[in-house]
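Novice: sequence first, then the predicted structure:
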Amino acid sequence: MEVDWSVVPGFLPQLLAGARVTILIALAGLVGGTVLGLIAGLMRAYGGVILNAIAFAYIEVIRGTPIVVQVMFLYFALPVLAGVRIDPMTAAILAIVVNAGAYIAEIVRGAFLSIPRGLTEAGLAMGLPQWKVLTHIVGPLAFRRLIPPLGNQFIVSLKDTSLFIVIGVGELTRTGQEIMASNFRAVEIWTAVAVLYLVMTGVLTFVLRLIEKRMRIL
Amino acid sequence: MSIIEFRKTSKHFGDLKVLDEVDLSIETGEVVVLIGPSGSGKSTLLRCINGLEQITGGDLLVDGISVRAGAKQLRRIRQEAGMVFQQFNLFPQMTALQNVAFGPRKVRGLPRAEAEAQAMRLLEKVGLAARAHHPPSALSGGQQQRVAIARALAIRPKVMLFDEPTSALDPELKQEVLNVMRELAQEGMTMVVVTHEMGFARQVGTRLIFMEHGKISVDGDPVQTIANPPNDRLRDFLQHV
C-alpha cells in the first residue's frame, strides 16, 4: 500500500475531537493533581509524623504502580469493592489527578525544602506565624523553582492520557486506533496522531517558558 | 525587672548538652558581648532567647514572658527581640525597602505606605536610602547586613540580638556594620552580640561574657576583663582572636 497523505484531512475532525478529549482529561487531571500534589508535598515537608506518613504512603503506592493498573483499578475494581460505578472519563481524570499528584508532591517538597532555612528563620524571628512565612516568603521563592520540574510532569501526564485506551476513553490515541482499524493507514494516521501530541506538548512548553521568563529564579 | 532572664536554662541536642543550667540576667540598656570557642554554646544561647532553639530545661524569660508559654507568647517575644544573622537572610524576591517594610506590614498590620515611609527612614539611618529599590543581590555584604539591621529594627524591638553579624564579611566591610551597631548602642538599645570583634567589645560593650562547654565561665567589664583575663582559658582564647 502506498503512503497517501491526502487521507489525513478527511479524518482530521475525528482526530481533533480525540485531541479535545485528551486536553480535557489532561487539564482537569493536572489542575486536580497540582492541588493534591501541593497538599501532599506540604504534608511531607512540614506535617507532623502522622500527616507525613499518610502522604508518604500515598506517594509510594502511586509511584510504585503503573498508571494503567491504577486506572484499571479505578474503573473495574472499585465498583466491586465499594459499589461505586464511574464512567471511563471520570476514571481517566481521577487516574491523572491521583497519579500526577504523587509526583508533583515530591516536586513541591523538593522546591520548598530547597529554600535556605535562614529565610524561614528570618521570618519567624520577626514574629510571623509559620503559615505566613510559608505563604509570603518561602512559597513565592519555591514556586519559581517548581516551574521547570512541574512542566516536565505536565508533559508526562498529558502523554499518559494515551494509556486510557485500555478503558475505552475516546481520546486521541484511541481515536487513531479506531480509524486505523477501518482503513489500515498506519503511517498516515499514526504520524498525524504524533504531530497532534507534539503540538499539544509544544504549546505547554511554550506557556511554561513564558511563565519562567517572567519569574526570575532567585 | 530584667529584660532577659535565664533561669538554670539548659539545651540538649540529643545527648549533647549545649547549654548547661545557665543563669544570666540582662538589664535594659546593656550591650552584652558573647564570646567563646566554637561549640561553646554562644550562638545557641542567643537563639534560645527568641525561641529559634527550644530550651530543654529550666526557664527563660524575655520581658517577663517565658519562651515556653506557647506559640502566641513566643511570637510576642519575637516582636520584642529583633535578630540579625551571620548570613543576612534578606528576602531575595524583595527590594531593600520591601525587606524593611515587610515586618511592619505582615506582623504589625501597618498599611503599605506607612510601612514603607518608616522603612525609608530606617534605611536612611543605616545610610542606605539611595539603595532602597535594589534587590539584595545588587548589594554588597556590608550593605545587605545594614539592611538586615534596619529590617530587625522595623518591628520596634526592645532588644537586638546579633549572631556573628560580621563573620561573613570582608575586613573592609565589617566596619560599616560595626559603626551602625555602635550608633545603635549609643542610642541606648539593649543588645546581645555574639562576635569575635574584640575592638567592638572593648569600645561598645558594657559587659563581656566568655562561654565554655555550655556554661558562662567569665562575666565582667569588657575593658578590664580583656586587659586582665581572670582565667587561663580566656587568656588563651584572646590570644587567638
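Specialist: Looks like it arrived, so ask away. The shown structure was predicted, so the numbers you read here are calculated from the model rather than taken from an experiment.

Novice: from chain A, how far out is B:V84?
Specialist: The spacing between B:V84 and chain A, counted by C-beta to the nearest C-beta, to the nearest Å, is 9 Å. The way it works is simple: take the backbone N, C-alpha and C, and place the C-beta from them, glycine included.

Novice: restrict the helix or strand bottoming out on mean pLDDT in chain B to CA atoms and write it as PDB.
Specialist: Using mean pLDDT, DSSP states H and E, helix B:232-240 stands out as the lowest-scoring helix or strand of chain B, at a mean of 93. Extracted in PDB, the C-alpha atoms of helix B:232-240 (Å, rounded to 0.1, in the frame of the first residue of the first chain):
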ATOM      1  CA  ASP B 232      43.900  30.900  81.500                       C
ATOM      2  CA  ARG B 233      41.400  29.700  79.000                       C
ATOM      3  CA  LEU B 234      40.100  33.200  78.300                       C
ATOM      4  CA  ARG B 235      43.700  34.400  78.100                       C
ATOM      5  CA  ASP B 236      44.400  31.600  75.600                       C
ATOM      6  CA  PHE B 237      41.200  32.400  73.700                       C
ATOM      7  CA  LEU B 238      42.000  36.100  73.500                       C
ATOM      8  CA  GLN B 239      45.400  35.400  72.000                       C
ATOM      9  CA  HIS B 240      43.800  33.600  69.100                       C
END
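
Novice: what residues does that helix touch?
Specialist: Contact with helix B:232-240 is made by B:35-37, B:198, B:210, B:212, B:217-218, B:225-226, B:229, as judged by C-beta atoms under 8 Å, 6 or more residues apart in numbering or on different chains.

Novice: try 6 Å
Specialist: With C-beta atoms under 6 Å, 6 or more residues apart in numbering or on different chains as the test, helix B:232-240 has contacts from B:210, B:218, B:229.

Novice: which among the residues you listed end up buried?
Specialist: Among the contacts of helix B:232-240, those buried by neighbour count (16 or more other C-beta atoms under 10 Å in any protein chain shown) are B:210, B:218, B:229.

Novice: now, which of the residues you listed sits nearest chain A?
Specialist: B:F210 (25.3 Å; C-beta to the nearest C-beta).

Novice: list the helices and strands the longest helix along chain A packs on?
Specialist: Scanning chain A for the helix with the most residues, using DSSP state H, yields helix A:8-46. Packing partners of helix A:8-46 (3 or more C-beta pairs under 6 Å, 6 or more residues apart in numbering or on different chains; DSSP states H and E): helix A:49-63, helix A:88-113, helix A:139-160, helix A:172-183, helix A:186-214.

Novice: related to what we said a few turns ago, now find how far off-centre the least confident helix or strand of chain B is within its chain.
Specialist: Relative to its parent chain, helix B:232-240 has a centroid offset of 24 Å by C-alpha atoms, centre = their mean, to the nearest Å.

Novice: which of the three states applies to the residue of chain B positioned farthest from its centre?
Specialist: Within chain B, the residue lying farthest from the chain centre (C-alpha atoms, centre = their mean) is B:A113, at 28.2 Å. The three-state assignment at B:A113 reads helix, by DSSP: H, G, I helix; E, B strand; the rest coil.

Novice: that older thread, and the longest helix of chain A, which residues are buried?
Specialist: A:8, A:11, A:15, A:18-19, A:21-26, A:28-30, A:32-34, A:36-46.

Novice: pick the most buried one from the helices and strands packed on helix A:8-46.
Specialist: Among those, ranked by average contacts under mean count of other C-beta atoms under 10 Å in any protein chain shown, first place goes to helix A:88-113 (a mean of 23).

Novice: up against chain B, what does chain A have?
Specialist: A:118-119, A:121-122, A:125-128, A:137, A:140, A:218 (C-beta under 6 Å from any C-beta of the partner chain).

Novice: ok, the helix or strand in which B:L161 is found: who's next to it in the sheet?
Specialist: Using DSSP states H and E, B:L161 sits within strand B:159-163. Strand B:159-163 has the following strand partners under DSSP bridges: strand B:81-84 (parallel), strand B:190-194 (parallel).

Novice: with mean neighbour count added, can I get these in JSON lines?
Specialist: What follows is the strands paired with strand B:159-163, written out as JSON lines (neighbours: other C-beta atoms under 10 Å in any protein chain shown):
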{"stretch": "strand B:81-84", "mean neighbour count": "27"}
{"stretch": "strand B:190-194", "mean neighbour count": "25"}
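
Novice: as CSV, those strands with distance to A:F112 and mean pLDDT would be great.
Specialist: Formatted as CSV, these follow (distance: least, C-beta to C-beta, whole Å; pLDDT from 0 to 100):
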stretch, distance to A:F112, mean pLDDT
strand B:81-84, 22, 97
strand B:190-194, 29, 98
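
Novice: need these in TSV (columns: distance to A:T90).
Specialist: Below are the strands paired with strand B:159-163 laid out as TSV (distance: least, C-beta to C-beta, whole Å):
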stretch	distance to A:T90
strand B:81-84	52
strand B:190-194	60
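
Novice: out of the ones you listed, nearest to B:E124?
Specialist: strand B:81-84 (17.9 Å; C-beta to C-beta).

Novice: show residues contacting the closest one.
Specialist: Applying C-beta under 6 Å, 6+ apart, the contact partners of strand B:81-84 are A:125, B:49-50, B:148-149, B:152, B:157, B:159-162, B:165.

Novice: if I look at the closest residue to A:E106 other than its chain neighbours, how far off is A:G47?
Specialist: Closest residue to A:E106 apart from its sequence neighbours, by C-beta to C-beta, 6 or more residues apart in numbering or on different chains: A:I59 at 6.4 Å. According to C-beta to C-beta, to the nearest Å, A:I59 stands 12 Å off from A:G47.

Novice: and what of A:L36?
Specialist: Counting by C-beta to C-beta, the gap from A:L36 to A:G47 is 14 Å.

Novice: ditto for B:L45
Specialist: Where A:G47 is concerned, B:L45 sits at a distance of 31 Å (C-beta to C-beta).

Novice: ok, those two, which is more surrounded?
Specialist: Higher neighbour count among B:L45 and A:G47: B:L45, with 28 against 17, using other C-beta atoms under 10 Å in any protein chain shown.
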